[in-house]
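>>> Coordinates only, no sequence provided:
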């Protein structure tokens, strides 16, 4: 066992410090040390996207990031998507469109879709499918997920239009 | 008389007979009559992997299921399932 | 995964020094290959050296002549999103958007793709087609090698102990030139090339002035086929000429059978993918004034 | 077709567990943290077939941080031929245990051999690697035809018939006479590869063996009671000594009925004196759990000039994997189940091979056999110049049609599904261009009943707590709460469903067999009716009348009336709270038919298939929550398309799976599929008060043959192997 390392991060807009071994993935650190178990592990090798978090300004599969690499960085997990008790439009759209069945891939899809909507506020179906191809879902056949992302985009755009 | 159908592989015990008409008010009573005709056959019919179907419905109470004079009794593979 | 230490040097000399003192060190850029290999036991490390904090490895530099230098740790998404890369190296922006998926591209780098030295690496055939060179630093100083010479065997390359890849350098594209990388995968994303082909082509006075072609997943290393490109030089860019060049690439391939495809299927695909990559490179060359 | 109108049923409320699942609060098995908990790792066989000569755990036990090491020797003694039955059919205890921890021989690469508990998962993995196992490798056999051949390596000495573990045979009418009447006979043989359910959440189990001798288990399971009963059987304990708490489950599709980790975690906990958590890696899931069988199926069908089937014959060999129990029986039962055929012979073989012991996967066994039948029918339609759906309609099973296994159908929706396909916009749209093909196929699944329990407790605020034991994989909390709400005259949101442990609710069978909305729904319905009866009595007491009536959510009598909520508020003063339970073991299961229309494009140079358009059609009986019915149809369709095109266990000659990762197993990504159109057909099941049939499974049956038929139309080639991947399409 190597010496543990103190890591200072910002997680979901709160300063968080944790102590981890260098071999521990960011996913392990989030789940087992920080206690944020909303981020899921489906494969451990970056191919299912269930462990997607936002690290800095990019989404990553947290199973392929070392916890120590997160030092000084800000991280957003599914626990940080809602504003208090108000669900993020994507969370709301996933519920209203029945875009989840078992729900294990949902946190990863939500974080990935949030990043998509920041890059493409009104993505096409093709853009959505391409962006989300790193997130596997085995229950839905993706149909309702794609619809939910499009519905959330509409809602966000409508609201931002109304605010102007 | 109710009709008891034999699964294809159990027909070795019946000399190839596919079904038989017997009397009784429950599956159990029918089976007593069947056993009398083909001694030892019950153990091939009453197995955990076989479900009893009376009038085209699998019964959850097995040999206790009542039968009528026109009933059909089948012994079919028990299905569990996958989703 | 066995325990290891972690170091994140802030400068190249510091990294080189660390490497020299740590024989069982592994370099970490995006980690998308390394962490999988460490976890599965295919590779071991006593110390993992994170090179992402070294400025030189993190820069994209477009020179005045449009030659391009890509730091070895630059994650793929920065190439995809880079307006100048999109403008002058569309094939490069494209291949960077195909390596893994969105999340992987947030981490994975072309430098890592090259150093991982997989025969199936998506970026290497294109880098070869673009005549890229690899800039290497070590305790004995710096050196530069053409990308086609970099890989030596599956998962192996000519980096000596204590050396690391600093950057990739791509010479300025000639006028009327175009490049392309195309791969065949059974899915539409998140897949490893069954066969990939990178091509570049320069037109002058209606004939092909220069061409380069390389393949992935058909040999122990990404395969540069000089004969294929050479066969096109001086020729009009006809379908027959492109097809003949593709056939030369196919003839040079020595694919194996594995879970991703049979040798026969790969051999068949060599000609198809090489031809299609040449066709796309030609289209781009014709559009590139 | 369904004509009854409902208030709640047929609407699309937000699921009750939705907010927890989109905010990360829902607790899945791997999320569990317990005080003093330690972590396990499992050592697995590198050989597909080998004798275990020696296991030495000393080095592992000596590693700092290790709490316990167990092997098969830690199982309590039991007689070798003991049979256990926990409601899902009987199994030899030795097979059940043998698959959990190998003893004597390992039978597949990935077979669990030993397990370790340690301070963390990294140390546990290091310790597992220190366990020394001496193997004597034996020749392996990987496919059913090879395993049935004379001289094949034998897996189990106790099986009387070599590697053939079971034979099934169905015979009806006069086959020879039937074929003699045929003017056209087509015979085809098709192989399918082993495939995995591919649920995204790996198996996990946490166990704590308390000093009072009771074991508590938290796990990802489709059936908490089956997990309890199997664990108790394996550990030779009374079932009441085991309590299983089902955590949220990240997919199952049939693959999370069998028990793999629970008894091992319990044994480790007993030794360690602490809770032990075991979580599989993705590679372990592929190599150490049950995929669904690879198969070889031969089908021969004869028709007369009018397209009426005169005789049909099938031969099926399914790979059980290491232990008996391939899905050949349901494969045989469904091979001709969509059609009314007089003369039939079906022979099936359950064959053990050196691959992981297989498990159920959505309509288990049926896709393999339907592939053969539905492609042969496609060829017949083409040769007769008939529309493929018309040919099927001409022969479709109806009420009264006798199935090959004996019983006759009650009211079914096979014809209605075919008619909906024929009338669909998709079927009547032109294909977009060259190298495109449209395929159609249909399929059947029985669905099952099995016991279910539910308790409803009325809250003073007018809401109702629903306690049940069916793990919710795809929205069943909502479909159950909606049935309660319909009976009680409430809104779906007024019902608060909770899934509880095996000590806290009556026996409930697996979430499987498409049974939860049907069977647990029936328990909920019955409990709700009991609630209404009790509340009517309270209203009568309150109003001092003989009896009160209940309709549209209002209790009334003689000019008095109270809403459900108003009466609920007065329960305390009219005799105390109302809480009612029901346990059912229902008859009246309604089978479901499904159909698929699919348009594909094939790149003639690479053999790559693009899926252009898909329409899934299924008889739901009654769709309680249509959005989740569509979800089941879309999910089963996507899985079926993946199975048809690219998924397979790619085994090397030594029996090692070479593609045991999501990278190389190639399940469909979002970019591989179009939107999946759905048509819900509703032919009510007379055996359920709301007409429910169950929709989890039949939808995965048609995709394999529909894809094969579409590929034929696109390429002119009839392929005989699934996956019909690009290389197969080009014959390379």
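That came through fine. Quantities reported herein were computed from a predicted structural model and do not represent experimental measurements.

>>> Got phi/psi on the spatially closest residue to residue D:725 that is not a sequence neighbour?
In this structure, residue D:725 finds its nearest non-sequential neighbour in residue D:646, 5.2 Å apart by CB to CB, 6 or more residues apart in numbering or on different chains. All C-beta atoms are positioned from the backbone trio N, CA, C, and that covers glycine. Main-chain dihedrals, residue D:646, degrees, to the nearest 10: phi -140, psi -20.

>>> And the strands in chain B, which stretches?
For chain B, the strands defined by DSSP state E cover B:2-5, B:19-22, B:50-54, B:57-58, B:72-77.

>>> among the ones you listed, which is nearest residue C:137?
strand B:72-77 (69.2 Å; CB to CB).

>>> coming back round to it: how about the contacts made by the residue nearest to residue D:725?
By CB atoms under 8 Å, 6 or more residues apart in numbering or on different chains, residue D:646 lies in contact with C:186, C:187, D:666, D:667, D:668, D:723, D:725.

>>> From the contact counts, what lies against the lengthiest strand in chain D?
Taking DSSP E as the criterion, chain D has its longest strand at strand D:309-321. Applying 3 or more CB pairs under 8 Å, 6 or more residues apart in numbering or on different chains; DSSP states H and E, we find strand D:309-321 packed against helix D:144-148, helix D:175-180, strand D:295-303, helix D:328-334, strand D:344-352, helix D:366-384.

>>> how does it look with 6 Å?
Contacts defined by 3 or more CB pairs under 6 Å, 6 or more residues apart in numbering or on different chains; DSSP states H and E place strand D:309-321 against helix D:175-180, strand D:295-303, helix D:328-334, strand D:344-352.

>>> What residues of that strand count as buried?
Within strand D:309-321, the residues that qualify as buried are D:309-321, counting by 16 or more other CB atoms under 10 Å in any protein chain shown.

>>> for stretch D:175-182, same thing?
So, applying 16+ other CB under 10 Å, buried residues of stretch D:175-182: D:175, D:178, D:179, D:182.

>>> The first one contacts residue D:342, correct?
What it means is residue D:175. No. Judged on CB atoms under 6 Å, residue D:175 makes no contact with residue D:342 at a distance of 9.8 Å.

>>> Which members of the buried residues of strand D:309-321 are the farthest-apart pair?
With distances taken as CB to CB, the most widely separated pair in these is D:310 and D:321, at 36.8 Å.

>>> Show me where the stretch 51-200 of chain C has its helices.
All helices of the stretch 51-200 of chain C, identified by DSSP state H, counting those that start in this stretch, fall at C:76-81, C:83-88, C:90-96, C:102-105, C:110-116, C:123-129.

>>> err, chain A, not the other one
Using DSSP state H, the helices found in chain A span residues A:26-28, A:89-96, A:106-119, A:125-131, A:143-163.

>>> Including mean neighbour count, could those go into CSV?
Output for the helices of chain A, formatted as CSV (neighbours: other CB atoms under 10 Å in any protein chain shown):
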stretch, mean neighbour count
helix A:26-28, 25
helix A:89-96, 23
helix A:106-119, 25
helix A:125-131, 18
helix A:143-163, 18
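
>>> mind putting those helices in TSV, distance to residue C:156 and mean pLDDT included?
Formatted as TSV, these follow (distance: least, CB to CB, whole Å; pLDDT from 0 to 100):
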stretch	distance to residue C:156	mean pLDDT
helix A:26-28	29	98
helix A:89-96	44	98
helix A:106-119	34	98
helix A:125-131	33	98
helix A:143-163	41	91
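
>>> which stretch among these comes nearest residue D:242?
helix A:26-28 (29.9 Å).

>>> Can you give the distance from the closest one to the centre of its chain?
13 Å (CA atoms, centre = their mean, to the nearest Å).

>>> Stretch D:499-519 too?
On CA atoms, centre = their mean, the centre of stretch D:499-519 falls 14 Å from that of its chain.

>>> do the same with stretch D:307-316
With CA atoms, centre = their mean as the basis, stretch D:307-316 stands 28 Å off its chain's centre.

>>> From the rest of the structure, what touches that stretch?
Stretch D:307-316 is contacted by residues D:175, D:178-179, D:181-182, D:297-304, D:328, D:331-332, D:335-336, D:341, D:343-348, D:384, D:386, D:391, D:394-395 when judged by CB atoms under 6 Å, 6 or more residues apart in numbering or on different chains.

>>> Find the residue at the geometric middle of the chain.
The chain I'm using is chain A. The centroid of chain A falls nearest to residue A:111 when counting by CA atoms, centre = their mean (2.6 Å).

>>> meant chain D actually
Taking CA atoms, centre = their mean, chain D has its central residue at residue D:254, 2.9 Å away.

>>> on that earlier part again, show me which of the contacts of stretch D:307-316 are buried.
With burial judged by 16+ other CB under 10 Å, the buried subset of these is D:175, D:178-179, D:182, D:297-303, D:328, D:331-332, D:335-336, D:341, D:343-348, D:384, D:386, D:391, D:394-395.

>>> wait, does the top helix by length along chain D contact chain B?
The residue-count maximum for a helix in chain D (DSSP H) belongs to helix D:521-543. No. Using CB under 6 Å from any CB of the partner chain, we find that helix D:521-543 stays clear of chain B, coming within 12.1 Å at best.

>>> What lies in contact with that helix?
D:452-454, D:456, D:480, D:483-484, D:487-488, D:547-548, D:550, D:555, D:557, D:560, D:567, D:574, D:578, D:580-582, D:584, D:586, D:689, D:692.

>>> Buried only: go through the residues you listed for me.
D:452-454, D:456, D:480, D:483-484, D:487-488, D:548, D:550, D:555, D:557, D:567, D:578, D:580-582, D:584, D:586, D:689, D:692.

>>> For the closest residue to residue D:621 other than its chain neighbours, the count of nearby residues, please.
Residue nearest to residue D:621 in three dimensions, not counting chain neighbours: residue D:693, with 3.1 Å by CB to CB, 6+ apart. Counted with other CB atoms under 10 Å in any protein chain shown, residues neighbouring residue D:693 total 30.

>>> next one: residue D:307
Count around residue D:307 with other CB under 10 Å applied: 21.

>>> before we move on, what about residue A:2?
14.

>>> Could you pull up the contacting residues of it?
A:21, A:22, C:3, C:5.

>>> if I look at residue C:243, how far off is residue D:731?
Going from residue C:243 to residue D:731 by CB to CB, to the nearest Å gives 22 Å.

>>> Can you name the residues that contact the closest residue to residue D:220 other than its chain neighbours?
Nearest residue to residue D:220, sequence neighbours excluded (CB to CB, 6+ apart): residue D:29, at 4.2 Å. Counting by CB under 6 Å, 6+ apart, residue D:29 makes contact with D:204, D:219, D:220, D:247.

>>> Likewise for residue D:677?
Contacts here follow CB under 6 Å, 6+ apart; on that basis residue D:677 touches residue D:615.

>>> Please, which helix or strand holds it?
Secondary structure assignment for residue D:677, by DSSP states H and E: strand D:676-681.

>>> So what's the residue count around residue 62?
Because you didn't say which chain, this covers chain A. Residue crowding around residue A:62 was assessed by other CB under 10 Å; the count is 31.

>>> Sorry, I should have been clearer: chain B.
15.

>>> What of residue D:618?
When neighbours are counted by other CB under 10 Å, residue D:618 registers 34.

>>> do residue C:206 as well
Other residues near residue C:206 number 7, with proximity taken as other CB under 10 Å.

>>> all helices in chain B, in order from the N-terminus.
Under DSSP H, chain B gives helices at B:27-37, B:42-45.

>>> about what we covered before: just say which of the helices of the stretch 51-200 of chain C is most tucked in.
Comparing the helices of the stretch 51-200 of chain C by mean neighbour count (mean count of other CB atoms under 10 Å in any protein chain shown), helix C:123-129 comes out on top with a mean of 31.

>>> what's it in contact with?
Against helix C:123-129 from outside (CB under 6 Å, 6+ apart): C:91, C:95, C:110, C:113, C:147-148, C:179, C:181, C:196, C:198-200, C:212, C:214-216, C:222, C:224.

>>> what pairs with residue C:136 across the strands?
Note on residue C:136: beta-bridge partners by DSSP bridges are residue C:143, residue C:165.
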